[in-house]
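A.B. asks: can you look at this prediction? I've put the sequence above it.
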Amino acid sequence: MPVRSGNDYKKLTDEELILKFQKEDIDAFNELVNRYKDKIMNFLFRYTGSREEAEDYAQDAFFNLYKSKHLYREVGKFSSWFYRIAINIAKTNYMKKKRLSTISISNADPDEEKDYELPAKIISPEESAQASIESYYIQRALENLNAKYREVVILRDIQDLDYEEIAKVTNLPLGTVKSRINRGRECLKEMLEHIYKSK
Amino acid sequence: MDSEEKFTDIRQKLQNLEKIRTGEDFVKNLQLKIVEHEAEKRREHAKKYDESRGGFLKNLFTPRQYPWLIPAAGFTVLLFFVFYITYVNRNVSEKNIQSKANDSAKNEISQSIPKSGIEKVEPPVPGDRMTDGGVNVPEKTPEKKDKDIAAIEQDKESRRNESKTRVESFDDHNQKLEAAPKQRNEDSNSDDTKDDSNSDETKDDKKTESAIIKSENQRGAMKPQEESAVREMDSGDTVRKKIDLKIGIIDKTKLEEIREKIQNSGKR
């Protein structure tokens, strides 16, 4: 049996790699890890706002990919399927964390669902001075954006996925995806203006 | 206005955000996690395999692992069953027969021994013979053997004497019968006138003689032993009584021989 070098695997598509991995080719899995580890890490960091959590969730995502490789079907794109795994892990853990650490405004009035929440943690001047101020505030704004808008905005504007793929990842209709993206951007803009004003 | 153009500034800001990369240990940690998972999987598989191996009964009733085990076990059970029927059961029946024979022998012994309070059973003495019933039979000394032989000879002699006496008594009777016609002839010669009456008397005498002989024959045929045996037969008793009856029949044959002798002597 001919042995494939690392370069050979780099030429293969994601779908070819996952099909090889389904046939117990561990090198194909390693190639997929190398391709997606930073993308998933970046997405999860922007979604959770914590590096440790993002790394843990990314590991969980790749571990789930390892365990559930047989569930992938060739009909869809591998990236869509894998982002969906990552989002599910992030959502599950984020909701758990949110219940413990944030004071939800929507909890005061359950009928009214807010598009974004004010951060419970007050940003100190020292903290903001340490990091890049703009990226820091954008990240804070993203964290406080409603989860349903946040995921689509990150996938579109940070991960650079097209609308169709986002629709597949989120399992939503294309129109809903577009409207959510627009709504999320609006909310983000409002939040950033509010933060800059308060500063 | 297109939403992409409307939010170009915010899009630009989001795209310019720093790209976060995984740590150096990310792949190592992932590999460690996978190795642990594989080890756990192997352990679970081994555990399941051990459980599936199970005990004897489980193996017996799950034929997918050892499909030959059920027919093998069935065959062994069948063999054992056949062996039990042929050998073990036969031994048991033999034992039962022996025990029955022992019981009957014990009963006979108890009947023969007079009940005089407590029965004393002698302990087994080394050198003594044991009968089938477990009864001690002391070894016969030469003196005892001589006594036994003498007793048997005495018994034989007494039987011979009895037969002789019987034969003699029958001989006497025959002589009487022979003497009777001679006297009758003498009487006929002396008294011719009384022929008719005498002839009648001789006829009567002959009748009585034949009746006597018949009665005696009958008496000889039905000896007291035979009569008693018949009585016992009528009462419907044991095999031993039947044997007594047979003995009586043997005596009857002897008696018939004797009768033939008598007849022969009569003819002479």
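C.D. replies: Yep, that arrived.
A.B. asks: C-alpha from now on. contacts and neighbour counts both.
C.D. replies: Will do.
A.B. asks: biggest helix in chain B by residues?
C.D. replies: Within chain B, and with DSSP state H defining each element, the longest helix by residue count is helix B:142-190.
A.B. asks: tell me the mean pLDDT for that one?
C.D. replies: Helix B:142-190 carries an average pLDDT of 76.
A.B. asks: packing partners for it?
C.D. replies: With contacts defined as 3 or more CA pairs under 8 Å, 6 or more residues apart in numbering or on different chains; DSSP states H and E, the secondary structure elements packing on helix B:142-190 are helix B:195-221, helix B:239-267.
A.B. asks: can we see that at 7 Å?
C.D. replies: Other helices and strands packing on helix B:142-190, by 3 or more CA pairs under 7 Å, 6 or more residues apart in numbering or on different chains; DSSP states H and E, are absent; none qualifies.
A.B. asks: got the angle between that helix and helix B:239-267?
C.D. replies: Taking axes from the mean of the first three to the mean of the last three CA atoms, to 10 degrees, one finds helix B:142-190 and helix B:239-267 inclined to each other by 40 degrees.
A.B. asks: what about the helices in chain A?
C.D. replies: So, for chain A - with DSSP H - the helices run A:6-11, A:14-22, A:26-48, A:51-67, A:78-101, A:105-108, A:125-130, A:133-144, A:147-153, A:163-170, A:174-198.
A.B. asks: tell me the most buried of the ones you listed?
C.D. replies: Burial among those, expressed as mean neighbours by mean count of other CA atoms under 10 Å in any protein chain shown, is greatest for helix A:147-153, which shows a mean of 23.
A.B. asks: do that one and chain B meet?
C.D. replies: No - in this structure, helix A:147-153 remains apart from chain B according to CA under 7 Å from any CA of the partner chain; the gap is never smaller than 9.2 Å.
A.B. asks: would you mind listing what in chain A touches chain B?
C.D. replies: So far as CA under 7 Å from any CA goes, chain A lies against chain B at A:37-38, A:41-42, A:55, A:59, A:63, A:135, A:157-158, A:182, A:185, A:189.
A.B. asks: out of the residues you listed, which one has the weakest pLDDT?
C.D. replies: The lowest pLDDT within the residues of chain A next to chain B belongs to residue A:135, which sits at 84.
A.B. asks: and the helices of chain A, which one's lowest on average pLDDT?
C.D. replies: For the helices of chain A, mean pLDDT drops lowest on helix A:105-108, to a mean of 46.
A.B. asks: correct me if wrong, but residue B:22 is in a strand.
C.D. replies: No - under DSSP: H, G, I helix; E, B strand; the rest coil, residue B:22 falls outside any strand and is assigned coil.
A.B. asks: spit out the contact partners of it.
C.D. replies: The contact partners of residue B:22, taken as CA atoms under 7 Å, 6 or more residues apart in numbering or on different chains, are A:37-38, A:41, A:55.
A.B. asks: looking at those residues, which is nearest residue B:176?
C.D. replies: Out of those, the one with the shortest distance to residue B:176 is residue A:55. That distance is 150.1 Å, counting by CA to CA.
A.B. asks: now do that closest one against residue B:23, distance only.
C.D. replies: Residue A:55 sits at a distance of 8 Å from residue B:23 (criterion: CA to CA, to the nearest Å).
A.B. asks: and for residue A:158, nearest residue in space, chain neighbours not counted?
C.D. replies: residue B:15 (5.3 Å; CA to CA, 6 or more residues apart in numbering or on different chains).
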